[in-house]
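1. need a structure here:
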Amino acid sequence: MSMARVVITAVVVEGRSKSEVARDYGMSRLWVRRLVQRYLAEGEAAFEPRSRRPRSNPRRVVTEQVEEAIVGLRKQLSDQGLDAGADTIRSHLLRRGPAAPSAATIWRTLSRRGFISPQPHKRPRSSWRRFEAESPNECWQADVTHWPLAGGAEVEILNVIDDHSRLFVNSTARPVFKAGDVVADLADAMARLGRPERMLTDNGAIFTGKYRGRGWVALERECVALGIALGHSKPYHPQTCGKIERLHQTLKQWLAALDPQPATVAELQSQLDIFRSYYNTIRPHRAIGRLTPAAAWNARTRAVPARQGIRIDEQFRVRKDRVDRDGKLTLRHNSKLHHIGIGRAWAGTSILMLIRELNIRIITEDNGDLITELVLNPTRDYQPQTH
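-> Residues are numbered from 1 along each chain as shown. Coordinates of the predicted model:
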């Protein structure tokens, strides 16, 4: 039996005074009187337990109007396949007015309204090893991903992102990308934004010929000609190019929300242009302090290539290497490995070997200075240093 029933029964049925009942059961006379009045007004319903939630909360900072705005933005952004996290919603609210709840308050509001599901425990941010270029155009990351058109045909999309500002540099769709297409699209991007100091890609066949024994691809030759340092991630380690991989995910989430889906490459390209503009100028980015990528890209002086461009004719096969500590290089010719003496003074120097049949020119990678040139003797394992 509930205490409310005991108190009401003692007063109404037994006829005891309110003061006596309050004293016997250790409660205030005012509370006994309220219980009796509730019984006289509601009958048996007075015996049911009541919520102890206060009618108002003076510390609550979200009004109904603001809460509905939060929920509306959550639905709108999610339906469009865009980021709809608490930080993003707060940034949109700040654009509408001078004040907005904190991201934590917005998160609690979304959680209370059932928009957030519990997530498994993740690695703490303190355990991440994070890299970010110091300046815009210091490093561009590039990669190709795939997307199906409405008819089922799969096309390729080349995305390029600036490592420092997260500026979405370029996004181009083609049925299939060839090495020359990559150079053409990057030339268009560099005409708009300037040349990057260096580029980072994976080991795809359109980005490097290192693992395929085919010499240099068009991108490698173009980067050397423009003085752009070109690096590649470790094989089977996409985390090296994590920023462009995350951009692929964000873009595909938005493309998946389109209705109808683009049916041609031209339609897909129009959608990519729309998303790139939104991503660069409207969408706040968490990694750069909730700035837009365009604002972050314009906030600092842009880097430029530090190397001198070296134009290399197509007739040469090019090999990149580093002189070992003994002052030697190695070169494979007709399946036989040859050693070439350069001199200990060049130990550790990054070089380019320009090979045409048996004629070899060795130049520095940084500025193209000639180190030596020789005619390979296929009958000798060791090619002595020339003066």
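2. A103 touches R90, doesn't it?
-> Yes. Under the criterion of C-beta atoms under 8 Å, A103 makes contact with R90 at 5.1 Å. In this view, the C-beta of every residue, glycine as well, is placed from N, C-alpha and C.
3. Pick out whichever of those two has more residues nearby.
-> Between A103 and R90, counting by other C-beta atoms under 10 Å, R90 is the more crowded of the two (21 against 17).
4. Buried residues in whichever helix or strand the more buried one is part of, which are they?
-> Remark: R90 resides in helix 86-96, with elements defined by DSSP states H and E. Neighbour-count burial for helix 86-96 flags A86, T88, I89, R90, S91, H92, L93 (criterion: 16 or more other C-beta atoms under 10 Å).
5. and that helix, what does it pack onto?
-> Other elements packing on helix 86-96 under the criterion 3 or more C-beta pairs under 8 Å, 6 or more residues apart in numbering; DSSP states H and E are helix 64-79, helix 103-112.
6. related to what we said a few turns ago, shared neighbours of A103 and R90, anything?
-> Listed as contacting both A103 and R90 by C-beta atoms under 8 Å, 6 or more residues apart in numbering is no residue at all.
7. before we move on, back to that, now render the buried residues of helix 86-96 as CSV, adding distance to R300.
-> Supplementary listing: the buried residues of helix 86-96 in CSV, determined by distance: C-beta to C-beta, whole Å:
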residue, distance to R300
A86, 28
T88, 24
I89, 28
R90, 25
S91, 21
H92, 25
L93, 28
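8. So which of these is the closest to A173?
-> Set against A173, the nearest of these by C-beta to C-beta is T88 (26.2 Å).
9. what's near enough to touch that closest one?
-> The contact partners of T88, by C-beta under 8 Å, 6+ apart, come to L77, L82, R283, P284, R286.
10. same deal with A225?
-> By C-beta under 8 Å, 6+ apart, the residues touching A225 are G309, I310, R311, I312.
11. which one among these gets closest to P262?
-> Using C-beta to C-beta, the contacts of A225 come closest to P262 at G309, 38.1 Å.
12. just checking, that closest one touches R221?
-> No. If you go by C-beta under 8 Å, G309 and R221 don't touch, sitting 11.0 Å apart.
13. right, so of the helices and strands packed on helix 86-96, which gets closest to H333?
-> Closest approach to H333 among the helices and strands packed on helix 86-96 is made by helix 64-79 (59.3 Å; C-beta to C-beta).
14. Tell me which of G309 and R221 has more neighbours.
-> More crowded of G309 and R221, by other C-beta under 10 Å: R221, with 20 against 15.
15. Helix or strand for that one, just tell me which one.
-> helix 218-226.
16. What mean pLDDT does that helix get?
-> Mean per-residue pLDDT for helix 218-226: 88.
17. Next: stretch 133-143.
-> Across stretch 133-143, the per-residue pLDDT values average to 95.
18. For that stretch, could you pull out the residues that count as buried?
-> Under the neighbour-count criterion of 16+ other C-beta under 10 Å, stretch 133-143 has A133, S135, P136, N137, E138, C139, W140, Q141, A142, D143 buried.
19. Just these: which are in helices?
-> Counting by DSSP state H, none of the members of these fall within helices.
20. which of the residues you listed sit farthest apart?
-> Top of the distance list for the buried residues of stretch 133-143 (C-beta to C-beta): S135 and D143, 21.5 Å.
21. Off-centre distance for stretch 43-56?
-> In terms of C-alpha atoms, centre = their mean, to the nearest Å, the centre of stretch 43-56 is set 51 Å apart from its chain centre.
22. mind starting the numbering at 224 from now?
-> Happy to do that; since the first residue is 224 now, the last one works out to stretch 266-279.
23. what comes into contact with that stretch?
-> Counting by C-beta under 8 Å, 6+ apart, S225, A227, R228, I231, L258, R261, Y262 sit against stretch 266-279.
24. Out of the helices and strands packed on helix 309-319, flag the one nearest A376.
-> Once the helices and strands packed on helix 309-319 are compared by C-beta to C-beta, helix 287-302 is nearest, at 26.3 Å.
25. could you say what helices and strands that closest one packs with?
-> Applying 3+ C-beta pairs under 8 Å, 6+ apart, we find helix 287-302 packed against helix 309-319, helix 326-335.
26. picking up where we left off before, I'd like the buried residues of stretch 356-366 laid out as JSON lines, including distance to N582.
-> JSON lines is the format used below for the buried residues of stretch 356-366 (distance: C-beta to C-beta, whole Å):
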{"residue": "A356", "distance to N582": "39"}
{"residue": "S358", "distance to N582": "40"}
{"residue": "P359", "distance to N582": "42"}
{"residue": "N360", "distance to N582": "37"}
{"residue": "E361", "distance to N582": "37"}
{"residue": "C362", "distance to N582": "35"}
{"residue": "W363", "distance to N582": "35"}
{"residue": "Q364", "distance to N582": "37"}
{"residue": "A365", "distance to N582": "33"}
{"residue": "D366", "distance to N582": "36"}
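27. Test my guess that Q494 contacts L478.
-> Yes. Assessed by C-beta under 8 Å, Q494 is found in contact with L478 at 6.8 Å.
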